[in-house]
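Participant: What follows is a predicted protein model with its sequence.
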Amino acid sequence: MLRLENVWKVFDQGTINQKVALKGVDLNIKDGEFVTVIGGNGAGKSTLLNAVAGTWPVTKGRIFIDGKDVTGIPDYKRASMIGRVFQDPMLGTASEMQLEENLALAYRRGKKRGLGWGVTNEERKLFREKLAALGLGLEDRLTTQIGTLSGGQRQAVTLLMASLSAPKLLLLDEHTAALDPATAAKVLEISDSIVREEKLTCLMITHNMTDAISLGNRLIMMNEGNIVVDISGEDKKKLTKNDLLQKFADVAGVQEETDSVLLS
Amino acid sequence: MTVIDYLYSLDPAKLLKNLPGGVAQGILWGLMALGVYITFRLLNVSDLTVEGSFATGGAVAVVLITGGGPQWLRALFGASSGQFPTWAALLIAFVVGVLCGLVTGMLHSYLGIPAILAGILTQLALFSVNLHIMSMSSNIPVSVDKYELYVSSRYVLRSIPIAAVIVAVIIGILYWYFGTEQGSAIRATGNNPVMSSAQGIDIERMKMIGFALSNGIVALAGGLVAQYQGFADVNMGRGASVIGLAAVIIGDVASKAIFKGHINFAVKMTFVILGGIVYYAVVILVLWLKLNTNDLKLFTAIIVALFLGIPYLQSRKRESFTSAAKGGSGNAET
């Protein structure tokens, strides 16, 4: 489904700020895999997701989605294959536009945007059903301006938008980090059910180790621009928080590792 | 002259007589402001191309109506001899305005020049281009006695309904367009470019279309204003961006004062036109008060600065270090 071959990303190359964020990442994700990504600050997690999304061109290496080489394709052209949810709830939706308009924008991802109506009645019906499934009471607020919704509601809507046009890949970049614990749990629950129901392949960055262990069927840990731990299958199911802490300590070469460092 | 003498010298009848002219000008400049609205409010960029493209529209329309322009174009509209159709002159003005906007869009998207600077560059270039269009004369008259014009300051009361109908049709078209898939994508681009890219929208292309449409409308308005005032002038666009902003802001404030909550897009656009009318009514009032016309631009700049600054000052009043030092504004519990 997703294949990265020796992917490098260097920011500000040749300047004093030069930073090598990805150092030859190789990754092969199979259809239907739900991968959680953990790692310390600056480990390259977000850079990895942005490389897949096509936010900017990678410095070296190749990226394939569903067998297609997308290395030379910018983000808006990859968007038909990819659904994204960002950490900042404000980033995923257009605040001054209505709920139904936002959903309609997402529904047309990868299609030509011509002079047909921006939102059709058929779509409204579909949106109402999908919103009802979220269980947030948003199905009766189709014409509400998105800016008046709470961060959690907006993030749930963004999730729905990301999955609406049947993407091959869902990218979640710490999408619950800015929410309060109760809302975060609800949004995670929605994420999990969407991934299951739509049978999506998903990459999810999280700072919460418990979530990283409980969600998904594969876990990768990044450190200094590379994947250092990759656990799936039965091993993933048996994984405990202590195992993970130990692995991180081994990798980072620090003996007494604590939550706070990993979670910082 | 004492104050009493001054007050006696003001003739209310004269004010009443001049007001319709203000309304007509307000509608036409309001149309120009609709173009500004597209970039300033929908795309969220300040485009200064309008100062040039407004004059370009005036120049193109007047040159074509008064018998100039390339032969093939005149032949295309069956005007090899005789008057170039007024509607066609406005249409060509619109198309040329679209091209002006495309130039700014390309400078911005392909060369990475900030939008405001790209607009300034195009505007500067257009000054020379406009002189070329007008065969190197800075002013070309177009008499309503000799040519069929849609609007003219000589027939104010007839011009107002015609201008209103033209503007209503354009508002209708824009209302439809910004409700379409493509129009929605343009609005999304202005509102949240990150989200738009993630939803597969080519934001550079959308900005390009926005610049083009905006300047097309501005040039069309230029063609109408030139007819109304009876001449095209290479300097007629000077200050257009600020006047456009003034109309947009006055319309904004007025619509929010009248309607609570969600305001329909067509109503918003109508209020931009009303903003133009209010602006010109104030201009007429100022002139009636015998203030120096040369001070008009200073006056306009001050008004726009105030309107742009008031929201900021209001937020500062609610939340400032000065009031915090005094123990807060005292309504933390409300």
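Facilitator: Now that the structure is in, tell me what you want to look at. Numbering: from 1, shown residues only, chains lettered A, B, ... in the order given.

Participant: Could you verify that residue A:21 is part of a helix?
Facilitator: No: read with DSSP: H, G, I helix; E, B strand; the rest coil, residue A:21 is strand and lies in no helix.

Participant: Setting aside sequence neighbours, what's the nearest residue to it?
Facilitator: residue A:47 (4.1 Å; C-beta to C-beta, 6 or more residues apart in numbering or on different chains). Quick note: C-beta positions are derived from backbone N, CA and C, even for glycine.

Participant: Is the one you found in contact with residue A:22, as I believe?
Facilitator: Yes: using C-beta atoms under 8 Å, residue A:47 is in contact with residue A:22, at 5.5 Å.

Participant: Of the two, which one has the most company?
Facilitator: Higher neighbour count among residue A:47 and residue A:22: residue A:22, with 26 against 23, using other C-beta atoms under 10 Å in any protein chain shown.

Participant: Chain B versus that one, what's the distance?
Facilitator: 20 Å (C-beta to the nearest C-beta, to the nearest Å).

Participant: Please identify which helix or strand holds the closest residue to residue A:150 other than its chain neighbours.
Facilitator: Counting by C-beta to C-beta, 6+ apart, residue A:150 lies nearest to residue A:183, which is 7.7 Å off, once chain neighbours are set aside. Taking DSSP states H and E as the definition, one finds residue A:183 inside helix A:181-197.

Participant: helices or strands up against that helix?
Facilitator: helix A:151-164, strand A:169-173 (3 or more C-beta pairs under 8 Å, 6 or more residues apart in numbering or on different chains; DSSP states H and E).

Participant: contacts for that helix?
Facilitator: A:34, A:85, A:134, A:150-152, A:155-156, A:159-160, A:163, A:170, A:172, A:175-177, A:179, A:200, A:202, A:204, A:211, A:215 (C-beta atoms under 8 Å, 6 or more residues apart in numbering or on different chains).

Participant: Pull out the buried members of those residues.
Facilitator: Buried by 16 or more other C-beta atoms under 10 Å in any protein chain shown: A:34, A:85, A:134, A:151-152, A:155-156, A:159-160, A:163, A:170, A:172, A:175-176, A:179, A:200, A:202, A:204, A:211, A:215, out of the contacts of helix A:181-197.

Participant: Nearest spatial neighbour of residue A:108, chain-adjacent residues omitted?
Facilitator: Looking at residue A:108 with C-beta to C-beta, 6+ apart, the closest residue is residue B:181, at 5.9 Å.

Participant: So what's the residue count around that neighbour?
Facilitator: If we define neighbours as other C-beta under 10 Å, then residue B:181 has 20 of them.

Participant: these two touch, right, it and residue A:115?
Facilitator: Yes: applying C-beta under 8 Å as the test, residue B:181 and residue A:115 come out as touching, 7.1 Å apart.

Participant: Okay, helices next: where are they in chain A?
Facilitator: Taking DSSP state H as the criterion, chain A contains helices spanning A:45-53, A:75-78, A:99-107, A:121-134, A:151-164, A:181-197, A:209-214, A:233-238, A:241-252, A:259-263.
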